[in-house]
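**Student:** test case, fold it:
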Amino acid sequence: MKDIFVDNCVAKNFANPLDPEYKALIQWLFDEGFLAVSNKLLGEFGRTSGSCAVGTNIWLIVSHLQTRGRLRHFSNSQLAGFAIPKRVARKLQSNPADHVHIKTVLLSHRKFALTLDAKLYRDINWYPGHKALAANRPQHIPYRG
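**Tutor:** Numbering: from 1, shown residues only. Model prediction:
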């Protein structure tokens, strides 16, 4: 399963993308990619869709993937089943509200994430016992392979 987690802060780059790397990512998602999401992430997408094209574009992608069975949606119970040990949680630098994103990435098949949040980026790459890869640019993740 060729899945990837795309944080809401990256989704803004999906609106009329001029960057060829984002165009390639969007095309890959439409053609063969899977998107790893949680209820929290879908809620964040919903809050950004109010008045701008950003939300519209991400919802088009989500809808397209859902109709083709390529939306990897992790339920709240699945995420609750992934406990972050207290010794690890104390070392995490990201916002505690974003720890659900860490769980979503670590439960995904390939454990790839795109985020502009430097602390979340660090926590995903650092998380002990898991080989996950987070980056702030699509070209820094081998998502096509």
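
**Student:** for the rest of this, base every contact and every neighbour count on C-alpha atoms.
**Tutor:** Noted.

**Student:** name the residues that touch the helix ranked longest in the chain?
**Tutor:** As assigned by DSSP state H, the longest helix anywhere in the chain is helix 53-67. If you take Cα atoms under 8 Å, 6 or more residues apart in numbering as the criterion, helix 53-67 is touched by 11-15, 29-30, 34-35, 45-49, 71.

**Student:** for stretch 80-97, the distance to its chain's centre please.
**Tutor:** In terms of Cα atoms, centre = their mean, to the nearest Å, the centre of stretch 80-97 is set 17 Å apart from its chain centre.

**Student:** centroid residue for this structure?
**Tutor:** residue 5 (2.2 Å; Cα atoms, centre = their mean).

**Student:** hmm, who's touching the helix or strand that residue falls within?
**Tutor:** Element membership for residue 5 (DSSP states H and E) is strand 3-6. With Cα under 8 Å, 6+ apart as the test, strand 3-6 has contacts from 33-37, 72, 104-105, 108-115, 143.

**Student:** one more pass at 6 Å, please.
**Tutor:** Strand 3-6 is contacted from outside by 33, 34, 35, 36, 112, 113, 114, using Cα atoms under 6 Å, 6 or more residues apart in numbering.

**Student:** show me how far that strand is from its chain's centre.
**Tutor:** When C-alpha coordinates are averaged (Cα atoms, centre = their mean), strand 3-6 and its chain have centres 4 Å apart.

**Student:** by mean pLDDT, flag the weakest helix or strand of the protein.
**Tutor:** The weakest-scoring helix or strand in the chain, judged by mean pLDDT, DSSP states H and E, is helix 53-67 (a mean of 81).

**Student:** list of residues touching the helix or strand following that helix?
**Tutor:** Per DSSP H and E, the first helix or strand lying C-terminal to helix 53-67 is strand 71-74. The contact list for strand 71-74, computed with Cα under 6 Å, 6+ apart, reads 34, 35, 36, 37, 38, 65.

**Student:** how about the helices in this protein?
**Tutor:** 8-11, 20-31, 39-48, 53-67, 76-80, 86-89, 99-107, 118-126.
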